[in-house]
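Q: Next comes the sequence, and after it the predicted model I'd like to discuss.
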Amino acid sequence: MLDVVVRPHGSIAPTSDTASEIRVVRGGSSATLAVALARRGHEVTFVGACGDDLAADLVERSLEDAGVTARLQRVDASTGVVVALISEEGERAMMSDRGANRFLEREFVVDAFESSEHLHVSGYVILDGETRNVGATALAEARARAMSTSVDVCSVAPLRVLGSSRFLEATLDAQSIFANEEEALALAESSDLDGAVDFLAHRYDEVLVTRGPEGAWSHVEGHRHWVQAREVEVRDTTGAGDASTGAYLGARLEGASVVEAMQAAMDAGARAVSELGAPS
């Protein structure tokens with residue numbers, strides 16, 4: 001995905017002559033996570049579908065510059081684009097066109113496994129009916145190859161449309177799940193976060209639930225952990241959850257304890273909200 005991030009200064013009325021801050025950057029949940037992993041020194045391959053256009057070239061160059069190997073399936077469609085309008089408080093309203101993402105093929109994904117040790121699947125792959133089977137079968141293939149696996153939920157609105165049971169069924173072969181508070185509650189079909197974490201812990205080996213300024217909860221091997229978020233000035237929350245998840249996953253793959261990984265996640269999230277657009 002290509003992100004077009006706009007932060008107006010003052011009024012955004014059509015007659016306003018107040019300048020806005022605009023940034024065009026590489027976006028997408030799994031791309032942000034891939035960059036966070038690469039920042040920790042991991043060898044990371046990003047696999048996705050894109051168009052044969054300038055947007056794809058920008059995304060590919062941005063990933064490569066961040067130390068991520070980009071394997072992009074070029075198809076006859078436009079590269080996905082997100083336009084994000086950022087408020088003065090750092091919250092955002094987003095308009096998305098997934099574009100070429102829906103043409104991602106299972107064979108293209110599996111061919112990229114090679115000597116990989118871990119597969120992470122973006123929840124958007126599962127939430128989209130045209131790629132759900134791609135994500136599910138890739139997770140199954142990874143488990144068959146003795147790779148560790150993880151998935152993040154990514155977005156609560158399409159999850160509610162899809163339904164919890166279908167998401168859970170498609171991610172049976174994911175060992176770890178990452179979600180924000182809203183997504184965890186939707187998956188558990190509950191209004192109680194404590195119960196939602198327990199619900200997810202019965203289905204996945206490792207659960208991480210981020211809660212924005214309230215920090216994060218985890219449930220691993222029967223133990224519950226909580227860490228506090230960092231106090232920072234928030235410019236833009238775009239990509240903060242993905243950066244946190246990437247830092248957590250990277251630390252865990254390195255052998256860090258759950259709490260150490262959660263602390264790394266909070267540090268990464270704090271850095272992410274202090275800049276405009278997804279972390280670069």
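A: Happy to help now that I have it.
Q: Report the beta-bridge partner residues of Met95.
A: When assigned by DSSP bridges, Met95 has beta-bridge partners Val83.
Q: Show me the strands in this protein, by range?
A: In the chain, the strands defined using DSSP state E lie at 2-8, 20-26, 44-51, 68-75, 81-86, 92-97, 118-122, 148-152, 176-180, 206-210, 216-220, 223-227.
Q: In terms of mean pLDDT, which of those strands ranks lowest?
A: Lowest mean pLDDT within the strands of the chain: strand 20-26, a mean of 68.
Q: distance of Ala142 from Gly215?
A: Distance, Ala142 to Gly215, by CB to CB, to the nearest Å: 30 Å. C-beta: built from backbone N, CA, C; applies to glycine.
Q: Those two: who's more crowded?
A: Ala142 (25 against 17; other CB atoms under 10 Å).
Q: I'd assumed Asp173 was in contact with the more buried one.
A: Yes - taking contacts as CB atoms under 8 Å, Ala142 lies within contact range of Asp173: 7.1 Å.
Q: Find residues that contact each of those two.
A: Common contacts of Ala142 and Asp173, defined by CB atoms under 8 Å, 6 or more residues apart in numbering, comprise Thr149.
Q: got the contact list for the residue lying closest to Ala70 once chain neighbours are set aside?
A: Distances taken as CB to CB, 6 or more residues apart in numbering put Leu63 closest to Ala70, at 4.3 Å, once the chain neighbours are dropped. By CB under 8 Å, 6+ apart, Leu63 lies in contact with Arg26, Ala31, Ala34, Val35, Phe46, Thr69, Ala70.
Q: who touches the residue nearest to the spatial centre of the chain in this structure?
A: Compute the mean C-alpha point of the chain, and by CA atoms, centre = their mean the closest residue is Ser29, 3.3 Å away. Applying CB under 8 Å, 6+ apart to Ser29 gives the contacts Ser122, Gly123, Tyr124, Asp152, Cys154, Asp242.
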